[in-house]
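S.K.: sequence and predicted model, in that order:
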Protein chains: 2
Amino acid sequence: MTAPVRIEADYLIETPCNPRATAEAIAGEQSSGTFVAVPGETPELKERAAARVERIELLDPLPAPSLPVARPVDPGGPWRRARVTLSWPLDNIGPSLPNLVTTVAGNLWELRQLTGLRLLDLRLPGEFASAYAGPKFGVAGTRELTGVYGRPLIGTIIKPSVGLSAAVTASLVATLCDAGIDFIKDDELQSDGPSCPFNERVRAVMRVVNDHAERAGKKVMLAFNLTGEIDQMRRRHDFVLTHGGSCVMASINSVGLAGMIELGRHTQLPIHAHRNGWGALNRHPALGWEFAAWQKIWRLAGADHMHVNGIGNKFSESDDSVIASAKATLTPLFEQRPCVAMPVFSSGQTAAQALPTYHALGSTDLIFAAGGGILAHPDGPGAGVAELRAAWDDAVSRKAPYSP
Amino acid sequence: MTAPVRIEADYLIETPCNPRATAEAIAGEQSSGTFVAVPGETPELKERAAARVERIELLDPLPAPSLPVARPVDPGGPWRRARVTLSWPLDNIGPSLPNLVTTVAGNLWELRQLTGLRLLDLRLPGEFASAYAGPKFGVAGTRELTGVYGRPLIGTIIKPSVGLSAAVTASLVATLCDAGIDFIKDDELQSDGPSCPFNERVRAVMRVVNDHAERAGKKVMLAFNLTGEIDQMRRRHDFVLTHGGSCVMASINSVGLAGMIELGRHTQLPIHAHRNGWGALNRHPALGWEFAAWQKIWRLAGADHMHVNGIGNKFSESDDSVIASAKATLTPLFEQRPCVAMPVFSSGQTAAQALPTYHALGSTDLIFAAGGGILAHPDGPGAGVAELRAAWDDAVSRKAPYSP
């Protein structure tokens, strides 16, 4: 938990070459390496700027390469695998998230010595904690804004994904407010489309949410999808704030890092970070990013809520991976600045997932978003929400260890 | 070349299920689909907002799945492959690049019916051409700023990657200017690190570049790496402009789309787009993005130069893939607004690659960046540059078809 002095990154590497030499090649490529000696490349410079191989742990080799190489360095196998830790001096880049990404995840996936490369985790010097906004609300701020304590926020998503008018959206939100929901999110496909302009939607929906808050004393948190360009996002955020809204949502892969950093600095509302597109970076086990590494960057940029899929989801991800992701977002980043983000469970979630989710996560600090289980409940949305809350109350009240 | 009315995307899909049903599932997931019928989901809405499967072309099946699935829909094979075209009404999102990315490359990689999914190409309605800055310079503007016509720009990269002081960088640039170079780029690992602050580097380097321009009548184009946050990038761009610089460089995967759009609108200089990190999105042939699709988004955002690797490169990419990428950046995006970007060839390039590159590309509209071939040339950098120019002159002068 003590922040390191140097930037550290853990990788899974796979190579037909010597794993240590391969790790050294990555370190060279990503710091002071040159393919030929040039003027100015002094031993002092090497000492100051070179990345280091800190640790190598050999893993079982594979009989076939995971990724193709056009001109293999070695046509035969076996393909050796190792878990490698590299480190860089902070002064190579300073505490800059965009330049961190180029350093730890830049021109290295393509190296032809590698038939697999996955960034597993990151550890950052404390200077990053001071340099970035981080989540301004996180778990505590989200609970304060919603008044929900001791259990997950019960959430849902506005469907159909795209095509509803502002008025129809607002009437759907009215139904959900009456049903006792805590949290509603826009679909990621609907931001400011011509058939449902953002401002019109916010105006119509917040009228419903504010009316309900006055009547029922409960302000439902609605994550308005403001995904767009920088100025658009700032304007949309301000519009939500002015109309009494309490959350904004952005598709982080579509906005990108500099945009999210800007939104993170600007925001006065929690940022609900939608990770659509993530599968392209994650789905092959020998390529791309582990969520543990990836989510740290977005939390530092300002994400208050992070999507983690759900147990028994309709996608390709295993339950173990989902739970590891949720635990990652709840694990402090720095001792002085934990930057904890609230994990969002979604995708085919029903009352049946409450107990296994609670058992596996050991926490109620999450948003539990169900779709069909609420709106299509045979006894109506109110019964759908009540059933989810009861399932979570039951899960939390059980003292005995859960067995599936 | 006529712009379509709807947004169109081509995919490679791989699935143990029926390919048409799988394509329909993607279309549903990414438009008006709901997993249960909800109020407001009318036939009119479906008609207005639904994505369509426009074409399916079956390809050879595979005996094993390319990507793992935690809970396979069908444990047996074969894994059927198809090239699929989907389309969306523009009005679902309007001409918004960030929302386009969520629509064509959002929550679909994870679908468990899929054991492979790759976005191959995109075709966009003309409204996108009007909505975005596009490359403000492209090939013509870059040639005008450098005064180089009828041949590639001969370029090189400042190495070591990181750790040189501003003064040493400037003296290296002086050597390269004297050698007759056309184009120099910062390393992507060096933006504004404490040991080589951006402004200090620009000041020292531009003194050399401007002096050389006065003496020799030739302004060398230097792509200063301004990768960072939005305000930092704007300030750094303005600083380069004020000091007479003629190019800025950004790591597009590290900055992200909203940041690059902002830079594209703000810039008065060509944007040299570095694609480090690209391998994570591209290296598995059944996952992620083809360059043909990906580069269109960045060109619209404002990229004037796009990295495409090089023939016989030191990385894992095939020559065919490199040439296809370069041809893609030179292919007009829209009839009225071609948005052509200049491809940048790099990675182990020497005089030996001039002829095969020209033969395969059929154009001299490129930046040909060599490292060791210039700075480590036995007769000095001047001889290195002269050799590269001679090799290109020779390639262009040959009338007969090239045979390797």
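M.R.: Yes, it's here. Residues are numbered from 1 along each chain as shown, chains lettered A, B, ... in the order given.

S.K.: got the buried residues for stretch A:187-202?
M.R.: Neighbour-count burial for stretch A:187-202, counted by 16 or more other C-beta atoms under 10 Å in any protein chain shown, picks out A:Asp187, A:Glu188, A:Leu189, A:Gln190, A:Ser191, A:Asp192, A:Gly193, A:Ser195, A:Cys196, A:Phe198, A:Arg201, A:Val202. All C-beta atoms are positioned from the backbone trio N, CA, C, and that covers glycine.

S.K.: reformat the residues you listed as CSV; add distance to A:Arg236, pLDDT and secondary structure.
M.R.: Converted to CSV, these look like this (distance: C-beta to C-beta, whole Å; pLDDT from 0 to 100; DSSP: H, G, I helix; E, B strand; the rest coil):
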residue, distance to A:Arg236, pLDDT, secondary structure
A:Asp187, 16, 95, coil
A:Glu188, 15, 96, coil
A:Leu189, 16, 96, coil
A:Gln190, 13, 95, coil
A:Ser191, 8, 97, coil
A:Asp192, 7, 96, coil
A:Gly193, 13, 93, coil
A:Ser195, 17, 87, coil
A:Cys196, 13, 93, coil
A:Phe198, 5, 98, helix
A:Arg201, 10, 98, helix
A:Val202, 8, 98, helix
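
S.K.: ok, and which of these reach chain B?
M.R.: A:Glu188, A:Leu189, A:Ser191, A:Asp192, A:Gly193, A:Ser195 (C-beta under 8 Å from any C-beta of the partner chain).

S.K.: shouldn't the second one be in contact with A:Ser161?
M.R.: In this case it means A:Leu189. Yes - using C-beta atoms under 8 Å, A:Leu189 is in contact with A:Ser161, at 4.3 Å.

S.K.: where does the stretch 251-400 of chain A have low pLDDT?
M.R.: Within the stretch 251-400 of chain A, the segments meeting pLDDT under 70 span A:399-400.

S.K.: could I get the full set of helices for it?
M.R.: Secondary structure of the stretch 251-400 of chain A (DSSP state H, counting those that start in this stretch): helices at A:252-255, A:257-266, A:278-282, A:291-301, A:319-330, A:354-361, A:372-375, A:381-397.

S.K.: what's the fifth one packed up against?
M.R.: Here helix A:319-330 touches helix A:291-301, strand A:342-345, helix A:354-361, going by 3 or more C-beta pairs under 8 Å, 6 or more residues apart in numbering or on different chains; DSSP states H and E.

S.K.: between those, which one is nearest to A:Arg48?
M.R.: Closest of those to A:Arg48 is helix A:291-301, at 25.3 Å (criterion: C-beta to C-beta).

S.K.: may I see the buried residues of the closest one?
M.R.: A:Phe291, A:Ala292, A:Ala293, A:Trp294, A:Gln295, A:Lys296, A:Ile297, A:Trp298, A:Arg299, A:Leu300, A:Ala301.

S.K.: now A:Ser31: closest residue in space that isn't a chain neighbour?
M.R.: Leaving aside its chain neighbours, A:Ser31 sits nearest to A:Ala51 (3.8 Å; criterion: C-beta to C-beta, 6 or more residues apart in numbering or on different chains).

S.K.: for the one you found, list the residues it contacts.
M.R.: Counting by C-beta atoms under 8 Å, 6 or more residues apart in numbering or on different chains, A:Ala51 touches A:Ile26, A:Ala27, A:Gly28, A:Gln30, A:Ser31, A:Ser32, A:Leu86, A:Ser87, A:Trp88.

S.K.: excluding chain neighbours, give the residue nearest to the first one in space.
M.R.: Translated: A:Ile26. Residue nearest to A:Ile26 in three dimensions, not counting chain neighbours: A:Leu108, with 5.3 Å by C-beta to C-beta, 6+ apart.

S.K.: part of a helix, is the one you found?
M.R.: No - assessed with DSSP: H, G, I helix; E, B strand; the rest coil, A:Leu108 is coil; it does not lie in a helix.

S.K.: model confidence score at it, please.
M.R.: A:Leu108 carries a pLDDT value of 92.

S.K.: next, give phi and psi for it.
M.R.: phi -130, psi -20 (degrees, to the nearest 10).

S.K.: against A:Thr22, how distant is it?
M.R.: 11 Å (C-beta to C-beta, to the nearest Å).

S.K.: who touches both of those two?
M.R.: A:Leu114.

S.K.: now the residue of chain A found nearest chain B: how far from B:Gly256?
M.R.: Residue of chain A nearest chain B, by C-beta to the nearest C-beta: A:Gly256 (1.1 Å). Plainly put, A:Gly256 is 1 Å away from B:Gly256 if you go by C-beta to C-beta.

S.K.: would you map the strands across chain A?
M.R.: Under the criterion DSSP state E, chain A carries strands at the ranges A:7-15, A:52-62, A:79-88, A:116-123, A:153-157, A:183-185, A:221-225, A:247-251, A:271-274, A:287-289, A:305-307, A:342-345, A:367-369.

S.K.: among the ones you listed, which comes closest to B:Pro16?
M.R.: strand A:287-289 (21.4 Å).

S.K.: which residues of the stretch 101-250 of chain A lie near chain B?
M.R.: Counting by C-beta under 8 Å from any C-beta, the residues of the stretch 101-250 of chain A that sit close to chain B are A:101-103, A:105-112, A:114, A:159-164, A:168-169, A:171-172, A:175, A:188-189, A:191-195, A:227-231, A:233.

S.K.: go ahead and confirm A:Leu145 touches A:Val220.
M.R.: No - between A:Leu145 and A:Val220 there is no contact under C-beta under 8 Å: 10.4 Å.

S.K.: these two: who's more crowded?
M.R.: A:Val220 (25 against 15; other C-beta atoms under 10 Å in any protein chain shown).

S.K.: isn't the more buried one up against A:Ile184?
M.R.: Yes - contact status for A:Val220 versus A:Ile184: in contact at 6.2 Å, counting by C-beta under 8 Å.

S.K.: which residues do the two both contact?
M.R.: The contact lists of A:Val220 and A:Ile184 share A:Val173, A:Leu176, where a contact means C-beta under 8 Å, 6+ apart.

S.K.: show me what from the stretch 301-404 of chain A comes close to chain B.
M.R.: Residues of the stretch 301-404 of chain A lying near chain B (C-beta under 8 Å from any C-beta): A:309, A:314-319, A:321, A:348, A:371-372, A:375-376.

S.K.: what pairs with A:Trp79 across the strands?
M.R.: A:Leu62 (DSSP bridges).

S.K.: ok, it - contacts?
M.R.: A:Glu14, A:Thr15, A:Pro16, A:Pro61, A:Leu62, A:Pro63, A:Ala64, A:Pro65, A:Ser66, A:Thr115, A:Gly116.

S.K.: gap between the fifth one and B:Lys218?
M.R.: Computed with C-beta to C-beta, the distance linking A:Leu62 and B:Lys218 is 53 Å.

S.K.: over to the third one?
M.R.: Distance, A:Pro16 to B:Lys218, by C-beta to C-beta: 46 Å.

S.K.: and what of A:Arg275?
M.R.: 48 Å.

S.K.: so between these two, which is more surrounded?
M.R.: Comparing A:Arg275 with B:Lys218 by other C-beta under 10 Å, the one with more neighbours is A:Arg275, at 26 against 15.

S.K.: nearest residue to that one in space, please, no chain neighbours.
M.R.: Nearest residue to A:Arg275, sequence neighbours excluded (C-beta to C-beta, 6+ apart): A:His307, at 4.6 Å.

S.K.: what is the burial count for the one you found?
M.R.: A:His307, neighbours per other C-beta under 10 Å, totals 28.

S.K.: beta partners of it?
M.R.: Bridge pairing for A:His307 - DSSP bridges - gives A:Val344.

S.K.: wait, it sits on A:Ala273?
M.R.: Yes - contact status for A:His307 versus A:Ala273: in contact at 6.8 Å, counting by C-beta under 8 Å.

S.K.: next, show the common contact partners of the two.
M.R.: With C-beta under 8 Å, 6+ apart as the test, A:His307 and A:Ala273 reach no residue in common.
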